[in-house]
Structure formats: C-alpha cells, structure tokens
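Novice: got a predicted structure here, sequence first:
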Amino acid sequence: MLKDSGKSVYAIARETGISGSHLYKILRGEESNLTIETLEGIAKAFGVTLTDIISDMPSIHRIEKFVEIPVVGRIRAGRPTIAEENVEGYCTIPADPLLKGKVFAVKVAGDSMSGVGIFDGDLVIIRSQPTAENMDIVLVCVDDDCFLRRFILADSTVVLEAANKDYHAIIVDETKKLEIKGVVLFSLKRFQ
C-alpha cells in the first residue's frame, strides 16, 4: 500500500498525526489496538476507503471486538425533516471507547454539514443522549423537525448552526420545542 501511494512513511505520519515509528508498527502488523479515527486518518492519507485499509493491513485482522449498530433511517443535513426511527439494518464497526450507552446510525441526506466533513450519503454514528456540550454536532428536533446541526449555547440562547454558508442558523427560543436526540460520534464514508 505504501509503495502504491508514492508517499513516504513520514509524509503519511505527518498527514495522520501518527509518529513515524508507530505508523511503521501499524503497517508491519505489529499494532492491533487501533481506533476508528486512526484507521480513517490512515485511509484518507493513502487515498483509499476504510474497507481497503481493513482488508489490506495485517494488524487490522487482529481487531477482536466489533460492534453492530442499528441503522434507524435517514436524517436531513439540510432542510429540516422528520427522522424515521425504524431499524433498516445494521452496520458493523470496530469497537471504540466512545461507543458507550445506546448508539445508533442514521444515513445523511443533504449538505448542510459539509463544512465538517459530513456529506450526503454518509452514515453518522450517534450516541443517544438528551443533552449536548457546547459545539457538539447533534441530531436535534425542533418542533418535530429533525436534522443535524452544531449545538451552540450563547448565554441562555441555543443556536443550531449549519456547517455550510448556504444555510442559516436556527435560533431556538422559548416558543420552540427543542429535543436533542443524540451527539454525533463518527461519520462513515461510503464510496460505492
């Protein structure tokens, strides 16, 4: 994979933020305790998919724990729309410490979060929780319209901000019903 990329280990290390020696261990199959973020970073640096990394790297085959996450429908990352919460299937991903509690996935429709790398057709992994920290990306419903947005708490005002200049922020005041469904943990890309 390294030869095919035309890049040096140190160039890949710089792109991923992984030390050169650690990256060498990963590429030689000597490291098996890898997070999804690490795998996604390596895949991006090599210009391949996460699936390619999993099938080509010997260390990945030693990942012992995987989790099945229900895919519960589509959510707009654009104009608000109601999210369907019917289990359509499951996705299997390597276990990660962030995957605590009730976790589910939704397919993204729209481009309002493209500025943070969440695109139409992506699968976002969400931890179900009724609260969020300032600047979290959340699955949120406002007056029964559900969508993905960045959660911003400014004084006592909640602002739901898109990551695309073509969309306006939504200011939530006391006349609107706000329900946080969960916080986005990962965005998985599918290229085919």
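Specialist: Received it, and whenever you're ready, just let me know what you need. Residues are numbered from 1 along each chain as shown.
Novice: can I see the domain layout of the protein?
Specialist: Domain segmentation of the chain under automatic domain parsing yields 2-62, 66-188.
Novice: would TSV of those domains with mean neighbour count and mean pLDDT be doable?
Specialist: Where C-beta positions appear, they are placed from N, C-alpha and C, glycine not excepted. As requested, the domains of the chain are exported to TSV (neighbours: other Cβ atoms under 10 Å; pLDDT from 0 to 100):
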stretch	mean neighbour count	mean pLDDT
domain 2-62	16	74
domain 66-188	16	87
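Novice: what bridges to Arg76?
Specialist: Arg76 forms beta bridges with Ala109, Phe147, as assigned by DSSP bridges.
Novice: what does Ile137 give?
Specialist: Beta-bridge partners, per DSSP bridges, of Ile137: Arg150.
Novice: what sits against it?
Specialist: Shown in contact with Ile137 (Cβ atoms under 8 Å, 6 or more residues apart in numbering): Met113, Val116, Ile118, Leu148, Arg149, Arg150, Phe151, Val183, Val184.
Novice: specify the local secondary structure of Lys107.
Specialist: strand (DSSP: H, G, I helix; E, B strand; the rest coil).
Novice: dump the residue contacts of it.
Specialist: Val71, Gly73, Arg74, Ile75, Gly121, Asp122, Leu123.
Novice: try Lys181
Specialist: Going by Cβ under 8 Å, 6+ apart, Lys181 touches Ala83, Ile126, Ser128, Val138, Leu139, Val140, Cys141, Cys146.
Novice: ok, Ile93 next?
Specialist: Ile93 touches Ile36, Phe66, Val67, Ile69, Ile125, Phe186, Leu188, counting by Cβ under 8 Å, 6+ apart.
Novice: nearest to Gly17 among the contacts of Lys181?
Specialist: Ile126 (24.8 Å; Cβ to Cβ).
Novice: surely the closest one and Val140 touch.
Specialist: No. The criterion here is Cβ atoms under 8 Å, and Ile126 misses it with Val140 at 10.7 Å.
Novice: quick one: the helices in the protein, in order.
Specialist: 2-5, 9-16, 20-27, 36-46, 50-56 (DSSP state H).
Novice: from the chain's centre, how far out does the fourth one sit?
Specialist: The gap between where helix 36-46 is centred and where its chain is centred comes out at 13 Å by Cα atoms, centre = their mean, to the nearest Å.
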